[in-house]
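[1] I'd like to go over a predicted model; first the sequence, then the structure.
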Amino acid sequence: MSGSGLASVGQILQEAREAQGITLDNAAVRLRLMHRQVEAMERDDFESLGQPVFARGFVRNYARLLGLVPESLLARMDGAPTEPAAFVPTEPALPRSWLTSPWLILSLLGLLLVVAVPVALYAWLNSDGESAPMRRHPP
């Protein structure tokens, strides 16, 4: 706890992550950040994240990932007193199935074309010409 009796931004982020059973590595992957950057946020080491605008963006995205209200954490980063961060429960993201992979769908469509086009061409070229040619009547 900080001197004001409220948890720091990093403590709030760490406690929310741990409460949801998310590892540091998993959080880093989902945020597309390096492990050390997520760790720095949880240690309140925002200076190591570069410019303040980057640190604020990282905290905003991390808060959203954890279902926290970013504004209260960002206000706390500026040193303004604020009420404890509200936890907004979010449904966990459904794991993507390999069956819905765009590459699988494109591969199956390609396979369908590779098989269907030659079969259709073969059938068309080997048809008997079932329709008789039109005959002209003499004038």
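    Okay, I see it.
[2] For this structure, which segments are assigned as helices?
    Applying DSSP state H to the chain gives helices spanning 9-19, 24-31, 35-42, 52-65, 70-77, 102-125.
[3] Make TSV out of these and add mean pLDDT and mean neighbour count.
    For every residue, glycine as well, the C-beta is placed using N, CA and C. Listed next are the helices of the chain as TSV, based on pLDDT from 0 to 100; neighbours: other C-beta atoms under 10 Å:
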stretch	mean pLDDT	mean neighbour count
helix 9-19	95	19
helix 24-31	94	15
helix 35-42	95	19
helix 52-65	93	17
helix 70-77	89	18
helix 102-125	91	10
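[4] Now the residue sitting nearest the centre point of the chain: closest residue in space, sequence neighbours ignored.
    For the chain, the residue nearest the mean C-alpha position is Arg30 (6.8 Å; C-alpha atoms, centre = their mean). Of all residues not flanking Arg30 in the chain, Leu65 sits nearest, at 6.0 Å (C-beta to C-beta, 6 or more residues apart in numbering).
[5] That neighbour reaches Ala27, doesn't it?
    Yes - at 6.8 Å, Leu65 and Ala27 qualify as touching, with contact defined as C-beta atoms under 8 Å.
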